[in-house]
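A.B. asks: Sequence first, then the predicted structure:
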Amino acid sequence: MVKPIEFQQILQSQKASQFCGLAHIPGDKSISHRALILGSLAVGETKIQGLLESEDVLQTLRALRMFGADIARHEDGTWRVYGVGTGGFREPSDVIDCGNSGTGARLLMGAMSTTPITAVFTGDASLRSRPMRRVTEPLSEFGAQLKARGNERLPVTVMGTDQPLPIVHRMKTQSAQVKSAILLAGLNAPGQTQVIESAETRDHTERMLKSFGADIAVEKQGGEQIITLDGYAELSPQSVTIPGDPSSAAFVIAAALIVKDSNIRMTEIGMNPTRCGFLTTVQDMGASVNITERHVVAGEPVANLQITYAPLKGVVVPAERAVTMIDEYPILAALAACAQGDTVMQGIGELRYKESDRIQAMAAGLNQCGVKTTESEDQLIVHGRGANSVSGGATCQSFMDHRIAMSFLCLGLISKRPIAVDDVTPIQTSFPSFVSMMNGLGAQIYSPSE
């Protein structure tokens, strides 16, 4: 197994003179979680290429082994999953530790809730602070019993049901994690399980369920999206190739857009339309992004990208776009600091319930770096003053959030004085090669003690 990079707790970045080359973006985190889980629910051998070997994904892998799946990495980097079949999970002998991964926790709860076993889920301090009611409530409708810590936080004990009922669930919060947990629970329930969305969220689960042989239909009706899954599904093992993660690519794209004379190329990046809001937004801001060789790999659209430096202007990002770029707002806020004029991010209240309160975290760090912001409950405005306006010279808190840490390290590449981040260890959860890749392209990210 590839060992994640050993991070210093504190890293800082300083102005870079260039940022050029071919960026090797690691596999998509969302798709990696789902490939492991569905491979474990199939019968037979599923082969996975390009799996993201980050701490979040490896925590899900360890949990699935505790549920009985046989998962191994081969010397060529291919992973093989020998599944136990739908409803075949065994009861784990210990607590399931999901680390920092909300995706892993919520999807695994769904996958086991319609099997008559009991499991206790926990995570790190950040994950234990995140709300779980949004997933425990619909899973209880199947007949499972879920008991959470006060205020619906982890640890959560899930007692799966031996007599599951199919459900029709209208989403209260637009969350691909909750939707996916319900669909995974529905695999081992009779009849049809339906999820009704008022706005389309990431559809990786639906695409992958179909490729594994589940009978699933998606239709639009009266402004809503209705997803219908036939229960007691028998999943067939597959060969899955994981595309490059567009959320990880966003950090490299941002650095290329703000460092003068940049020219970055990347290949096989996921272009799922439910994940393209960041690209749309930076193009609105004046970004130079060339998209070529669009094609489909294992049911997911991918393409090659070329990004060069371009002056940026502030824009209004409408609320309806939030669901297609929910993970990219921290790096967008850093980009907005380098743009001319205000960037208004609307309808982003969900960011307050991520690994950190990302609205507050970005506003606080940007203010420390000399960038003015205005925040409200579900909105952040960054008052950008152009490419050379960021003072820097601050030590920003990551709040145990990988995307906050990477965003401020990117911002330091064009600030007048270096920007430090107090704790970068969470980067291992999603992008273990971040520092080495960025420095290989021309970034200046290092320990203050060096």
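C.D. replies: Received it, and whenever you're ready, just let me know what you need.
A.B. asks: just how off-centre is the helix or strand of the chain with the lowest mean pLDDT within its chain?
C.D. replies: When the helices and strands of the chain are scored by mean pLDDT, DSSP states H and E, helix 125-128 comes last with a mean of 92. Taking CA atoms, centre = their mean, to the nearest Å, one finds helix 125-128 lying 16 Å from the centre of the chain it belongs to.
A.B. asks: Please pull up the helix or strand immediately following that helix.
C.D. replies: Next helix or strand after helix 125-128 toward the C-terminus (DSSP states H and E): helix 133-141.
A.B. asks: Please spell out which residues along that next one are buried.
C.D. replies: Within helix 133-141, the residues scored as buried using 16 or more other CB atoms under 10 Å are 134-136, 138-139, 141. Every C-beta, even on glycine, is put in place using the N, C-alpha and C of the backbone.
A.B. asks: and of those, the nearest to S356?
C.D. replies: R134 (17.8 Å; CB to CB).
A.B. asks: Could you pull up the residues touching the residue nearest to C338 when sequence neighbours are not counted?
C.D. replies: Spatial nearest neighbour of C338, excluding adjacent residues (CB to CB, 6 or more residues apart in numbering): I258 at 4.8 Å. Counting by CB atoms under 8 Å, 6 or more residues apart in numbering, I258 makes contact with 309, 312, 335, 338, 387, 410, 413-414.
A.B. asks: Quick check: the gap between the residue with the largest distance to the centre of the chain and V195.
C.D. replies: Farthest-out residue of the chain from its mean C-alpha position, per CA atoms, centre = their mean: Q163, at 32.8 Å. Separation of Q163 from V195 (CB to CB, to the nearest Å): 21 Å.
A.B. asks: How about A119?
C.D. replies: Distance, A119 to V195, by CB to CB: 23 Å.
A.B. asks: who has more neighbours, those two?
C.D. replies: Of the pair A119 and V195, V195 is the one with more neighbours under other CB atoms under 10 Å, namely 26 against 23.
A.B. asks: That one and H169, how far apart?
C.D. replies: 5 Å.
A.B. asks: ok, and L51, which helix or strand is that part of?
C.D. replies: Using DSSP H and E, L51 sits in no helix or strand.
A.B. asks: got the contact list for it?
C.D. replies: 27, 32, 35-36, 57, 79, 242.
A.B. asks: looking at the residues you listed, which has the most residues close by?
C.D. replies: Compared across these, A35 has the highest neighbour count, 31 neighbours, by other CB under 10 Å.
A.B. asks: Would you agree that one falls within a helix?
C.D. replies: Yes. Using DSSP: H, G, I helix; E, B strand; the rest coil, the assignment for A35 is a helix.
A.B. asks: Isn't it up against S239?
C.D. replies: No. With contact defined as CB atoms under 8 Å, A35 does not count as touching S239 (10.2 Å).
A.B. asks: overlap in contacts of these two?
C.D. replies: With CB under 8 Å, 6+ apart as the test, A35 and S239 both reach 46, 48.
A.B. asks: tally of neighbours for E75?
C.D. replies: Using other CB under 10 Å: E75 sits among 5 other residues.
A.B. asks: Pull out the buried residues from stretch 110-123.
C.D. replies: By 16+ other CB under 10 Å, the buried positions in stretch 110-123 come out as 110-115, 117, 119, 121-123.
A.B. asks: swap in stretch 348-362?
C.D. replies: Buried residues in stretch 348-362 (16+ other CB under 10 Å): 348, 350-351, 353-359, 361-362.
A.B. asks: Dump the residues you listed to TSV, plus distance to L229 and pLDDT.
C.D. replies: Formatted as TSV, these follow (distance: CB to CB, whole Å; pLDDT from 0 to 100):
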residue	distance to L229	pLDDT
I348	30	97
E350	25	93
L351	29	96
Y353	26	90
K354	27	93
E355	29	92
S356	33	95
D357	34	96
R358	31	97
I359	34	98
A361	36	98
M362	37	98
